[in-house]
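Enquirer: Task: produce atomic coordinates for the following.
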Amino acid sequence: MMPAEAAKSEHVVGAAPAGAGDQSAASQAVREMFTAIAPRYDLLNHVLSCNVDRLWWWRTARTFRHILQRPEARVLDLCCGTGDMTLALLRQAGALQSPIIGADFSHAMLQRAAKKTLARNIRLIEADALQLPLPDERFDLVVSAFGFRNLANYDTGLQEILRVLKPGGEIGILDFGEPKGLLGKIYRVYFRRVLPFIGSMISGVRGPYAYLPASVERFPEPEEMLKRMRAAGFRDAVWKPYSFGIAGLFRAKKQLQS
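Expert: You can find the predicted model right below:
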């Protein structure tokens, strides 16, 4: 069985907002949630993370500087949201000949990204990460920051990233995790109780911030995620924890053609 076929044969794992009975409904529910919180999204990210999110974006972009400094490199920020990761990548880039592509399926989020990336070497497109309107083997680097977790099918998402990557191209998925030990216990109280309360109070919308901790709990543990990446066809898959495992970066490469 080929790697992609093996991944398809397993039970589908992906985002599952309350009330969503299938992948299509899950995708629609996630889109509606991000549309609802878009006006306060940036503020809430910084407040709820105590601005540590800026460090995570910087570290992720810095990790791929060896690619970003190549003038001919083509880069995709998948599930780009309001463009913070896209801008972090651009700050580490050299004189890129092609604009960094930021893709997201939330029009409301892209509207805010457009204001922040105006007159930058960035091009924004509205697109579903599970069905990208992009050619095969196009990119040297695909990064997704805090968006991959919201896909309705993680394996399909990995296969789509693999498709648009050039042979030898790299993937980086930055997302939340769950710390272990005493810190993990303290963090879970904050994440499951305090964060949803503050997020709902500031945004005026309850659903998305009740969904957030549930989506992190549903996301595969690092070893399972690495296994899924390898099954999709990636090699050299590793995970680097950030801030004691509150977040972490998954990295891998697409196989070179023989």
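Enquirer: any chance you could map the strands in this protein?
Expert: Along the chain, counting by DSSP state E, strands occupy 75-78, 100-104, 122-126, 139-145, 165-176, 234-242, 247-254.
Enquirer: what's the angle from the third one to strand 100-104?
Expert: Orientation of strand 122-126 against strand 100-104 (axes from the mean of the first three to the mean of the last three Cα atoms, to 10 degrees) gives an angle of 20 degrees.
Enquirer: Could I get the strands of the chain in TSV, plus columns for mean pLDDT, distance to residue 212 and mean neighbour count?
Expert: C-beta: built from backbone N, CA, C; applies to glycine. Output for these, formatted as TSV (pLDDT from 0 to 100; distance: least, Cβ to Cβ, whole Å; neighbours: other Cβ atoms under 10 Å):
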stretch	mean pLDDT	distance to residue 212	mean neighbour count
strand 75-78	98	19	27
strand 100-104	98	17	26
strand 122-126	98	23	17
strand 139-145	98	15	26
strand 165-176	97	8	21
strand 234-242	97	17	16
strand 247-254	97	13	21
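Enquirer: could you measure the residue nearest to residue 99 when sequence neighbours are not counted against residue 96, distance?
Expert: Nearest residue to residue 99, sequence neighbours excluded (Cβ to Cβ, 6 or more residues apart in numbering): residue 123, at 4.2 Å. As judged by Cβ to Cβ, to the nearest Å, residue 123 and residue 96 stand 11 Å apart.
Enquirer: Name the single longest helix found in the protein.
Expert: As assigned by DSSP state H, the longest helix anywhere in the chain is helix 23-37.
Enquirer: quick one, which of the strands of the chain is nearest to residue 34?
Expert: In terms of Cβ to Cβ, the element of these nearest to residue 34 is strand 100-104, at 8.3 Å.
Enquirer: Parallel or antiparallel, which strands does that closest one pair with?
Expert: strand 75-78 (parallel), strand 122-126 (parallel) (DSSP bridges).
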